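Asks: here is a sequence together with a model predicted from it:
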Amino acid sequence: MERLYVNGGKPLKGTIEVGGMKNAALPILFATILIGDKCIIENLPEIKDIDNALNIIKAMGAKLRKLRKGAWEIDTRDVIPCSAPDELAGKMRASYYVLGAELARFGKAYTACPGGCDFGKRPVDQHIKGFEALGATVTQDVSGIHCNAEGGLTGNQIYMDVASVGATINVMLAAATAEGQTVIDNAAREPHIVDVANFLNSCGADIRGAGTEVIKINGKKDLHGETYAIIPDMIEAGTYMAAAAATGGDLTVTNVIPKHLETITAKLQEMGCDVTSDGDSVRVVGNLPLKKARIKTLPYPGFPTDMHPQFSVLLAIAEGESRMTESVMENRFKYVEELRRMGAEIEVDEKTAIIKGVPELHAATVRATDLRAGAAMVIAALATNGGTWIDDVYHIERGYEDMCGKLVACGADIRKIKVEI
Ligand code: EPU
């Protein structure tokens, strides 16, 4: 078993470079299946979820070659449809992108029911509704999701009942080679949706409007392989920005797109931090004590749900009473019990955490209950005097490349320790 030990209480000072965005890289890796050619994908983060996605594609018959750090050549010409192994696909959420990619290329698709972080119910009804509107037959059973469209897919008008990131991308993948035009209305607008559209367009697709509520896809049959670099990860960047704020540090986060960080920046400024951006970097100077705030998560360009637990840590040590309302996921409050072990005063009322700031948290043994909750535990531990142990670190490694190394370089005392059990 591996645990993290954090001896906190030291302000973070220095520079951290962020890697490629996990939630863009995953769909783009699965999208190479639909291209059916050689692609080179660059700026891939070296994290467990990417390893898993590469293993799924390899098990399906793709030939993979690592060119250098973060860059892989992926040849999907010999991929066998409906062959994603259940034990790998069931471990992650993004494996559902196999469906859109396989439907577009082979007219049939299968994947095990997707795994990923436990935020309560995470239905896939909008994905299914989209595939069906394009002419596929979809059945879901205990083994997984089966799609069939032997006569091919035909473009259609699809209204998303919720602006789902996954469903928008999956329908975009399926529609990329469909006959005629597909229009996705009430589409999600996250930067990773734009990145997937840009990748597909570079391979010959015709997708317009990604990043707005209406995406128009004119199906194209002849797609070809390309070299494509993934955009920077705004959530990794936001996590280190929050860590700088929590520790009263002075941190410059590089390789970012400041526009993607506007809501995170605005909230940090409201809480009393100095945040300045310059080209492709952002500097955060944390001024303790932080000021209270009210935050509500929303689809992009609103405050990201994937920054919710990290900001709850900031509110837990801010002066006065704050609110964190979750409006994207059914239940994202598992971290609350862990933060309470460190002395945080938090009550959850339906979808809102009411957080009474305390002057400081105390060291404890806590768990990473999911990926971003794990990042929140690291931030809390960095801001706390004394030694905190964090269990279930594999969650953190699914989404953060070398978090310990990056933090140690900025003065943190954080170590991964192997424990025999
Ligand atoms: N939803 C439906 N029906 C659907 C799809 C979604 O009701 O068919 C609901 C969900 O239950 C949820 C909301 O819509 O309440 C938003 O879900 P969405 O589909 O947008 O999320 P996702 O595709 O499952 C991705 C990221 C998450 C991130 C969310 C929101 C990946 C692999 N995952 O999930 O990332 O929280 O978008 O931005 O891209 C993370 O990186 O830590 C993470 C959890």
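Replies: Looks like it came in fine. If you're wondering where the values come from, they're calculated on a predicted model, not measured in any experiment.

Asks: count of residues packed around Glu73?
Replies: 15 (other C-beta atoms under 10 Å). Where you see a C-beta, it was placed from the backbone N, CA and C, and this is true even at glycine.

Asks: what's the answer for Lys66, then?
Replies: Per other C-beta under 10 Å, the neighbour tally for Lys66 reads 11.

Asks: helix/strand/coil for the residue nearest to it when sequence neighbours are not counted?
Replies: The shortest distance from Lys66 to any residue other than its chain neighbours is 5.6 Å, reached at Trp72 (C-beta to C-beta, 6 or more residues apart in numbering). Applying DSSP: H, G, I helix; E, B strand; the rest coil to Trp72 yields a three-state assignment of strand.

Asks: need the per-residue pLDDT for Trp72.
Replies: Note for Trp72: predicted pLDDT of 98.

Asks: please identify the helix or strand for the residue in the stretch 51-200 of the chain that the ligand sits nearest to.
Replies: Residue nearest to the ligand within the stretch 51-200 of the chain: Gly166 (2.7 Å; C-beta to the nearest ligand atom). Gly166 is part of helix 165-175 when elements are defined by DSSP states H and E.

Asks: who does that helix touch, helix- and strand-wise?
Replies: On a contact count with 3 or more C-beta pairs under 8 Å, 6 or more residues apart in numbering; DSSP states H and E, helix 165-175 meets helix 22-35, helix 97-106, helix 125-133, strand 181-185, helix 191-202, strand 214-218.

Asks: up against the ligand, what does the stretch 201-350 of the chain have?
Replies: Residues of the stretch 201-350 of the chain that fall close to the ligand, judged by C-beta under 6 Å from any ligand atom: 305-306, 328-330.

Asks: sorry, back to before: which residues does the residue nearest to Lys66 form a beta bridge with?
Replies: Applying DSSP bridges to Trp72 yields these beta-bridge partners: Ile41, Lys66.

Asks: oh, and call the first residue 277 from now on, that's how I've got it
Replies: Fine by me, first position is 277 from now on; the one you just mentioned is Trp348.

Asks: contacting residues for it?
Replies: Trp348 is in contact with 316-317, 320, 330, 340-342, counting by C-beta atoms under 8 Å, 6 or more residues apart in numbering.

Asks: just Ile483 next, same as before
Replies: Ile483 touches 448, 452, 473, 476-477, 491-494, counting by C-beta under 8 Å, 6+ apart.

Asks: of those residues, buried ones?
Replies: 448, 452, 473, 476-477, 491-493 (16 or more other C-beta atoms under 10 Å).

Asks: show me what stretch 620-632 is in contact with.
Replies: Outside stretch 620-632, the residues that reach it (C-beta under 8 Å, 6+ apart) are 588-589, 591-592, 594, 596-603, 609, 612, 615-616, 633-634, 637, 656.

Asks: ok, and for it, which residues are buried?
Replies: Buried positions in stretch 620-632, judged by neighbour count with 16+ other C-beta under 10 Å: 620, 622, 627-629, 631.

Asks: could you do stretch 468-483 as well?
Replies: Judged by neighbour count using 16+ other C-beta under 10 Å, the buried positions of stretch 468-483 are 468-477, 479-481, 483.

Asks: and that stretch, average pLDDT?
Replies: 98.

Asks: same check, this time on stretch 446-458
Replies: 98.

Asks: just the CA trace of that stretch, in PDB.
Replies: Taking C-alpha atoms only, stretch 446-458 is exported to PDB below (Å, rounded to 0.1, in the frame of the first residue of the first chain):
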ATOM      1  CA  ASN A 446     -19.400  11.100 -27.600                       C
ATOM      2  CA  VAL A 447     -22.100  12.400 -30.000                       C
ATOM      3  CA  MET A 448     -19.500  14.600 -31.700                       C
ATOM      4  CA  LEU A 449     -17.300  11.500 -32.200                       C
ATOM      5  CA  ALA A 450     -20.200   9.400 -33.600                       C
ATOM      6  CA  ALA A 451     -21.400  12.200 -35.900                       C
ATOM      7  CA  ALA A 452     -18.000  12.900 -37.300                       C
ATOM      8  CA  THR A 453     -18.400  10.400 -40.100                       C
ATOM      9  CA  ALA A 454     -22.300  10.300 -40.200                       C
ATOM     10  CA  GLU A 455     -24.200  11.000 -43.400                       C
ATOM     11  CA  GLY A 456     -25.200  14.700 -43.500                       C
ATOM     12  CA  GLN A 457     -25.300  17.300 -40.700                       C
ATOM     13  CA  THR A 458     -25.700  16.800 -37.000                       C
END
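
Asks: does it come close to the ligand?
Replies: No. In terms of C-beta under 6 Å from any ligand atom, no part of stretch 446-458 sits within range of the ligand; the closest distance is 8.7 Å.

Asks: that stretch: which residues count as buried?
Replies: For stretch 446-458, the neighbour count (16+ other C-beta under 10 Å) marks 446-454, 458 as buried.

Asks: over to stretch 396-409?
Replies: In stretch 396-409, counting by 16+ other C-beta under 10 Å, buried: 400, 402-407, 409.
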